[in-house]
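**Q** Dropping the sequence and predicted coords here.
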Amino acid sequence: MTTSEAAITVRTLGGFEFRAGGHEIDRWRAGKARVLFQFMLLNRGRVLSRETLYEALWPDAAWSGNSSSLKVAVHMLRAALVSQNQHVAQDGGPEAGRPYLHLVTHQLGYVLKTEGVWVDFEVFDDLVDRARAADARGDDAEAARLFAAAMDIHRGDFLPGVDLDWAQVHRMWLRSRGLLALERLVTAHLAAGDYLAVLDRCREMLAIEPFREETYRILMAVHGHLGHLSQVQHWYGICSTRLRKELKVDLDASTVRLHGRAIRGELVEAGFDLSGAPRGRVPVGI
């Protein structure tokens, strides 16, 4: 199911967007109603206790069964979900089997029940898993296609601006999976000699992980191979500054050696030999 086929879509990567029947749901009368929805979406289908929800929304406050804060957030979330269901109904979808999102009261707490909802981080995870399966069976072309499709969805960090612990943890998981997908794509682009695509993927990698030294080595190796010596020098300087200033560490010896070879022009005639590289790893010491 694609976003064009789904009546209800939720985007969390690079920003939050909730649409139903072509209409954006953006009126959250209670400030915590939207965060409540985001947390329950991450745990949809699971019964979450009131205490769990309270701790997720107000981690620095003590839980009290008499507090009205959670009740207000639940009430306002239900109002927003009623609005989205109305938009889907107005969009002409049949009542039977129509997509929906419902917040259901349970004896132990609440559960978010859904049907036919497109959620970007779930689609991203599914594409990465399918790409890994294709990679495992040796179908490099299919793996690259699925990894690329996953990164098309990965438009940025999970729920940027939400600094709660549960959001930060999931943000890190998605960053890790994105980096691994990009590693596979860089390997595929190098094998195809598509250096522009390699540079584009390296840019994405640095946006996720600006201190990954291997990414800078890839950039230096590609530019050194193409004879772009000023670019080699610039990336070497950026890498050195970031690692020494932010992490207080020196460059790896392999980075220094690669820089020297590139500046001397030794990489212009060299190729990227992928035959001896472990699957999914990029050989940069050419």
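**A** Structure's in. What do you need? Model, not experiment: these values are computed from the prediction.

**Q** Give me the phi and psi for residue 100.
**A** Recorded main-chain torsions at residue 100 are phi -160, psi 160, according to degrees, to the nearest 10.

**Q** do the one 4 residues further on as well
**A** Note on residue 104: its backbone torsions stand at phi -110, psi 130 [degrees, to the nearest 10].

**Q** residues contacting it?
**A** 110, 111, 112, 113 (Cβ atoms under 8 Å, 6 or more residues apart in numbering). (C-beta placed from N, C-alpha, C; glycine too.)

**Q** give me the element the first one is part of.
**A** If I follow you right, that is residue 110. Using DSSP states H and E, residue 110 sits in strand 109-115.

**Q** give the contact list for the residue lying closest to residue 16 once chain neighbours are set aside.
**A** Nearest residue to residue 16, sequence neighbours excluded (Cβ to Cβ, 6 or more residues apart in numbering): residue 159, at 6.2 Å. By Cβ under 8 Å, 6+ apart, the contact list for residue 159 reads 12, 16, 38, 167, 170, 171.

**Q** State the helix or strand in which the third one lies.
**A** Assigned by DSSP H and E, residue 38 belongs to helix 31-42.

**Q** Let me know whether residue 76 touches residue 31 as I believe.
**A** No. Under the criterion of Cβ atoms under 8 Å, residue 76 makes no contact with residue 31, lying 9.1 Å away.

**Q** Which one of the two is surrounded by more residues?
**A** Between residue 76 and residue 31, residue 76 has the larger neighbour count (other Cβ atoms under 10 Å), namely 20 against 11.

**Q** The stretch 101-250 of the chain: helices as residue ranges?
**A** For the stretch 101-250 of the chain, the helices defined by DSSP state H, counting those that start in this stretch occupy 120-136, 140-153, 165-192, 195-208, 213-226, 229-242.

**Q** What lies in contact with the last one?
**A** Right, helix 229-242. Contact partners of helix 229-242, identified using Cβ under 8 Å, 6+ apart, comprise 210-211, 213, 216, 219-220, 223-224, 251, 255, 259, 262-263, 265.

**Q** Can I get the buried ones among these as something I can paste into PyMOL?
**A** Burial among the contacts of helix 229-242 is assessed by 16 or more other Cβ atoms under 10 Å; the matching PyMOL selection reads:
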select buried, resi 213+216+219+220+223+224+251+255+259+262
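
**Q** ok, back up a step: just tell me which of the helices of the stretch 101-250 of the chain ends up closest to residue 105.
**A** helix 165-192 (21.7 Å; Cβ to Cβ).

**Q** Counting by contacts, list what the closest one packs against.
**A** Applying 3 or more Cβ pairs under 8 Å, 6 or more residues apart in numbering; DSSP states H and E, we find helix 165-192 packed against helix 31-42, helix 120-136, helix 140-153, helix 195-208.

**Q** For it, what is the distance to the chain centroid?
**A** When distances are taken as Cα atoms, centre = their mean, to the nearest Å, helix 165-192 is centred 7 Å away from the chain's centroid.

**Q** what angle do it and helix 31-42 make?
**A** 50 degrees (axes from the mean of the first three to the mean of the last three Cα atoms, to 10 degrees).

**Q** Would you mind listing the buried residues in helix 165-192?
**A** Neighbour counts over helix 165-192 (16+ other Cβ under 10 Å) mark 166-167, 170-171, 174-175, 177-178, 181-190 as buried.

**Q** Deepest-packed of the helices and strands packed on helix 165-192, please.
**A** helix 31-42 (a mean of 21; mean count of other Cβ atoms under 10 Å).

**Q** Centre of the chain to that one, how far?
**A** Its chain's average C-alpha position is 18 Å from that of helix 31-42, according to Cα atoms, centre = their mean.

**Q** distance of residue 78 from residue 239?
**A** Using Cβ to Cβ, to the nearest Å, residue 78 is found at 51 Å from residue 239.
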